[in-house]
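K.L.:
Sequence first, predicted model second:
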Amino acid sequence: MASPKVKHTWWPGFLCALIFFLTGCSILPYPGLQNDEVLFAPSYFGVPGSSILQVEVFHHQVPLMLLSYLGALKTWIYAIPLAIFSPSSWTVRLPVLFLGSVTVWLFFILLDSIHGRRAAWIGGLLLASDTMFLLTTCFDWGPVAFQHLLLLGGLVLIARFSSAGARTALFSAFFCFGLAFWDKALFVWIMAGITFGTLVIFTEQVKRCFTTRNVTVALGGLCLGALPLITFNAETRLSTLKSNSSFRFDEFPKKFRALRGTWNGSIMFGFIVSQPAEPGQPSEPANALERASFTLHSIAGDHTSNGLEWAIVTAPLLSAFLWRRPGTLRIVLFCSIALAVAWVQMAIAKDAGGSAHHVVLLWPIPHLFLAVALAEASQLVPRRVGIGLLSVALVYLVGENLLLTNQYLYQFARYGAPRNWTNAIYGLSDELASTRPSQIVLADWGMQAPLVLLQHGTLPLTLADDSFLSPAQSEPARRWDLGRLEQGLWVGHTLAYRQFVQLNDNVLKTAASAGFRKELIKVISDSHGRAAFEIFRFVRSVAPPEAAPQG
C-alpha cells in the first residue's frame with residue numbers, strides 16, 4: 001500500500017499520462033479509419049449479422065458478442081461519444097487515447113506501491129513514451145486499449161487487497177479481469193502468465209489469502225465481468241475454446257522476430273505508415289507541428305528503432321549483483337515468468353501471436369521488469385552517482401522512444417498511410433453519400449465498418465463473398481446475386497490495395513460468365529495521390545458470355 005505521501009503526490013503520474021496523451025494527439029488524425037479499429041460500429045448501428053450474440057432490451061437488440069473471442073464492450077462504451085459527436089477519427093481515437101493515458105497513470109501508481117517512487121518514474125516515463133504502446137492504443141485495431149486498462153486496474157486493486165485486505169478491492173480486481181476476458185478472450189495469455197508467476201513466486205502470500213470467502217469473492221467478480229462470454233459459451237458448447245485453440249509449433253523464429261520488432265518499435269513501418277520507396281506524392285509540412293517534426297528528422301536522421309533492446313538485457317545483469325530491497329528479486333522473477341508463459345502461448349497459437357497488436361498484449365509487464373531492475377541497479381553506487389547515471393540512462397531511453405515516434409509522425413505527414421489505413425476512406429464515404437444509390441456492394445474486405453461509422457449506418461451496404469453466384473447456390477440466392485449485378489453500385493480496391501485478391505477475381509469472373517462486364521465510374525485517391533478505391537457497376541456485355549472480358 002502506498003504511503004500517505006504517495007497518496008497526495010498526484011502530479012508525477014499525471015505528468016506521465018499527459019505526455020502520452022499529447023504525443024498521441026500529434027499522430028491521431030493521419031491514418032484513415034481501419035476496419036478492425038471500428039469493428040464496433042456495425043453492431044452499434046444495428047447492421048444485421050454484425051454480432052453473434054445479442055439480447056433484447058426495451059425492444060432494442062443489444063450486442064453481447066461480436067466474434068467468438070471478441071465481446072461488445074467497446075460497442076457499449078462508444079455508444080456515449082457516438083450519441084454526442086459526429087463520427088470522425090477524433091471521435092474514434094480520443095476515447096482510447098484517454099484510456100491509454102489512464103493506463104499510464106495506473107502503472108505509475110502500481111510501481112509506486114510495490115517498489116517505490118524511483119521505479120514509478122522510470123516505468124511511467126518509459127510506458128508514456130513507448131511508441132508501440134502509443135500506436136496500438138491510439139489506433140486500437142487489436143483491440144488492446146481496454147485490455148491494458150483492465151489489466152492495470154486489476155493489478156492496482158490486487159496490490160491494494162494484498163496490503164489492506166479489502167475484499168471490495170479483490171472483487172473489483174477480478175471484475176476488471178472478467179471484463180477483459182469479455183472484451184477479448186486472448187486476455188487468457190497474459191492472465192495465465194500472471195497467475196502462474198504469482199503462484200510460483202508469491203506462494204506464501206497466496207496461501208494466506210486462499211480462503212473460501214476470498215475465492216468466492218474473486219470468482220464472483222470474475223464471473224460477473226465475463227458474464228456475456230460465459231453465457232455465449234454455455235449456449236454454444238464452449239465455442240470460444242473450440243474455435244480458438246488450434247496450435248502449431250513451427251513458428252517460433254517468426255514470432256520471435258515479431259516480439260523483437262514490437263519491442264524495438266520497427267515492426268509497423270510499411271504497415272501503418274508508408275515507406276519512402278512506395279508510390280505517391282510526398283508532402284511538404286503543412287503546419288507548425290509538421291515543420292517541427294521535419295526539422296527534428298533532418299537533424300536526427302532516420303530513426304527506425306529505439307534503444308530498449310540493450311536495456312532489457314543490461315539492467316537486470318547490473319542489478320543482479322546486489323538486491324538492496326527484500327522482494328525486488330521476486331518482482332523481477334515474477335515478470336520473467338509471466339512474460340515467458342504468456343509469450344509461449346502466443347508462439348504456439350495458430351493464426352495469432354505474430355503481429356504487433358498481439359505482442360503488445362504483454363505490455364506493460366516488460367516495463368515493470370525494466371523499471372524495477374533499473375531502479376535497483378541505480379542503488380548499487382552512492383546516491384548522487386546512482387541518480388545521475390539513472391537520469392542519463394532514462395533521458396537516453398525516453399529520447400530514443402520519442403525519436404522513433406517522431407519518425408512515424410514524419411512518415412505519416414510526408415508519405416501517408418498504406419492499404420487499409422488509407423485516408424481515401426473519407427473521400428469514398430463522401431462520394432457514396434452524395435450519390436445515394438439504392439444498393440452498394442462491397443467486393444473486398446476493409447471498407448464496411450468505416451463506411452457504416454462515417455455515414456451513421458445509413459448506406460445500403462452488402463458484401464460479396466465466396467458464395468457469390470457459386471454453382472451450389474439455391475435459385476433464390478442466385479436471383480439475388482444477379483439483381484446485385486444489374487442494379488448495385490459496386491466498390492472495390494485498386495489492384496495495389498486489394499486485401500482478398502481471389503475474392504475480387506472471382507466476382508469479375510462469375511460476372512463475366514453471367515454476361516456482365518465491369519464499367520469503371522470513379523477512382524478515389526488518398527491525400528498523396530495514390531488510387532485506393534474503385535467505384536464501378538456491371539453492365540450487360542454485347543459479346544456472348546464466353547467472350548466477355550474478365551477484368
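P.N.:
Noted; the coordinates are in hand.
K.L.:
just for the stretch 51-200 of the chain, where's the confidence low?
P.N.:
For the stretch 51-200 of the chain, no stretch is flagged by pLDDT under 70.
K.L.:
which residue ranges form the helices in the stretch 201-350 of the chain?
P.N.:
Under the criterion DSSP state H, counting those that start in this stretch, the stretch 201-350 of the chain contains helices at 203-209, 212-225, 227-236, 239-243, 252-264, 288-300, 308-319, 328-348.
K.L.:
so what's residue 159 closest to, chain neighbours aside?
P.N.:
Excluding its sequence neighbours, the residue lying closest to residue 159 (C-beta to C-beta, 6 or more residues apart in numbering) is residue 113, at 5.1 Å. Any C-beta I mention is one placed from the backbone N, CA and C, and that applies to glycine too.
K.L.:
coming back round to it: pick out the shakiest of the helices of the stretch 201-350 of the chain, pLDDT-wise.
P.N.:
The weakest mean pLDDT among the helices of the stretch 201-350 of the chain belongs to helix 308-319, with a mean of 79.
K.L.:
So which elements touch that helix?
P.N.:
helix 252-264, helix 328-348, helix 365-377, helix 383-415 (3 or more C-beta pairs under 8 Å, 6 or more residues apart in numbering; DSSP states H and E).
K.L.:
how about those, which one is nearest residue 470?
P.N.:
helix 252-264 (33.9 Å; C-beta to C-beta).
K.L.:
residues contacting the residue most central in space within the chain?
P.N.:
Central residue of the chain (C-alpha atoms, centre = their mean): residue 142, 2.9 Å from the mean position. Counting by C-beta atoms under 8 Å, 6 or more residues apart in numbering, residue 142 makes contact with 36, 136, 184, 357-358, 360-361.
K.L.:
Could you grab the helix/strand/coil label for it?
P.N.:
coil (DSSP: H, G, I helix; E, B strand; the rest coil).
K.L.:
Got the phi and psi for it?
P.N.:
Main-chain torsions, residue 142, degrees, to the nearest 10: phi -60, psi -50.
K.L.:
Confirm residue 534 sits in a strand?
P.N.:
Yes - counting by three-state DSSP, residue 534 falls inside a strand.
K.L.:
Surely it touches residue 489?
P.N.:
No - between residue 534 and residue 489 there is no contact under C-beta atoms under 8 Å: 11.2 Å.
K.L.:
ok, the two, which is more surrounded?
P.N.:
Counted by other C-beta atoms under 10 Å, residue 534 and residue 489 do not tie: residue 534 has more neighbours, with 22 against 19.
K.L.:
where's the more buried one relative to residue 45, distance?
P.N.:
Computed as C-beta to C-beta, to the nearest Å, the residue 534 to residue 45 distance reads 25 Å.
K.L.:
for residue 12, same thing?
P.N.:
Residue 12 is 42 Å from residue 45, by C-beta to C-beta.
K.L.:
now the helices: where do they sit in the stretch 451-551 of the chain?
P.N.:
Using DSSP H, counting those that start in this stretch, helices in the stretch 451-551 of the chain cover 475-487, 501-513.
K.L.:
Indicate which one of those helices is closest to residue 461.
P.N.:
Residue 461 lies closest to helix 475-487 among these, at 11.6 Å (C-beta to C-beta).
K.L.:
So for the closest one, mean pLDDT?
P.N.:
Confidence over helix 475-487 (mean pLDDT, whole number) is 82.
K.L.:
about what we covered before: packed most tightly, which of the helices and strands packed on helix 308-319 would that be?
P.N.:
helix 365-377 (a mean of 25; mean count of other C-beta atoms under 10 Å).
K.L.:
Show me what that one is packed against.
P.N.:
Judged by 3+ C-beta pairs under 8 Å, 6+ apart, helix 365-377 is in contact with helix 89-114, helix 117-128, helix 187-201, helix 308-319, helix 328-348, helix 383-415.
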